[in-house]
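In: below: sequence and its predicted model.
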Amino acid sequence: MKLSDMLECQRDLDELILQNHSARFADLPIERKKQVILVDTILALMVEVGEFANELKGDGFKHWSTKTRSEKEILLEELIDVYHFVLSITNQMEFSEDDIQRKYIEKHTINRKRQQEGY
């Protein structure tokens, strides 16, 4: 699946979510509604990154834990939750597939150069 397809799937899901939960935003002006949704989505992304990290157990940030990381499917499910919110934010910010690819290549080049220079 291409990034553009993933963005479209997420756009459809986000529209469905907003239809099902529109009462929360009924009295808000459109720009305020967009702002609240973006902030909520960023917070949800942070929570999902935390849930992913938590599933790593002792292999992740919990150096004090003797538990082993969760099974691959559980890790993958948590990672996909992260992707959902990244895609949602990407759509909300109106970034295109071309925008993402262009900036990724630009930043990738910078990061590789930094590593070569002992960053």
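Out: That came in fine, so what should we check first? Numbering: from 1, shown residues only.

In: C-alpha only now, for contacts and for neighbours.
Out: Noted.

In: ok, now which ones touch residue 45?
Out: 82, 85-86 (CA atoms under 8 Å, 6 or more residues apart in numbering).

In: please enumerate the helices of this protein.
Out: Per DSSP state H, the chain carries helices over the ranges 3-20, 30-55, 72-92, 97-116.

In: returning to what we had before: TSV for the contacts of residue 45, including pLDDT, neighbour count and distance to residue 15?
Out: Formatted as TSV, these follow (pLDDT from 0 to 100; neighbours: other CA atoms under 10 Å; distance: CA to CA, whole Å):
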residue	pLDDT	neighbour count	distance to residue 15
82	98	21	18
85	98	21	14
86	98	18	16
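
In: phi and psi next, for residue 96.
Out: Backbone torsions of residue 96, given as degrees, to the nearest 10, read phi -90, psi 170.

In: do you know how far it is from residue 49?
Out: 23 Å (CA to CA, to the nearest Å).

In: pick out the residue nearest the middle of this protein.
Out: Central residue of the chain (CA atoms, centre = their mean): residue 86, 2.4 Å from the mean position.

In: can you pull the contacts of that one?
Out: Contacts of residue 86 by CA under 8 Å, 6+ apart are residue 45.

In: who's more crowded, residue 96 and residue 49?
Out: residue 49 (17 against 14; other CA atoms under 10 Å).

In: residues in contact with the closest residue to the more buried one other than its chain neighbours?
Out: Excluding its sequence neighbours, the residue lying closest to residue 49 (CA to CA, 6 or more residues apart in numbering) is residue 82, at 6.1 Å. Counting by CA under 8 Å, 6+ apart, residue 82 touches 45, 48-49.

In: ok, now residue 60?
Out: 53-54, 69.

In: just the C-alphas of stretch 16-26, formatted as PDB.
Out: The C-alpha coordinates for stretch 16-26 follow below in PDB (Å, rounded to 0.1, in the frame of the first residue of the first chain):
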ATOM      1  CA  LEU A  16     -16.300   8.500  10.200                       C
ATOM      2  CA  ILE A  17     -15.000   9.200  13.700                       C
ATOM      3  CA  LEU A  18     -16.000  12.800  13.400                       C
ATOM      4  CA  GLN A  19     -19.500  11.800  12.200                       C
ATOM      5  CA  ASN A  20     -19.900   9.500  15.100                       C
ATOM      6  CA  HIS A  21     -18.600  12.000  17.700                       C
ATOM      7  CA  SER A  22     -19.700  15.300  16.200                       C
ATOM      8  CA  ALA A  23     -21.700  16.400  19.300                       C
ATOM      9  CA  ARG A  24     -18.500  17.200  21.100                       C
ATOM     10  CA  PHE A  25     -17.700  19.900  18.500                       C
ATOM     11  CA  ALA A  26     -21.200  21.100  17.700                       C
END
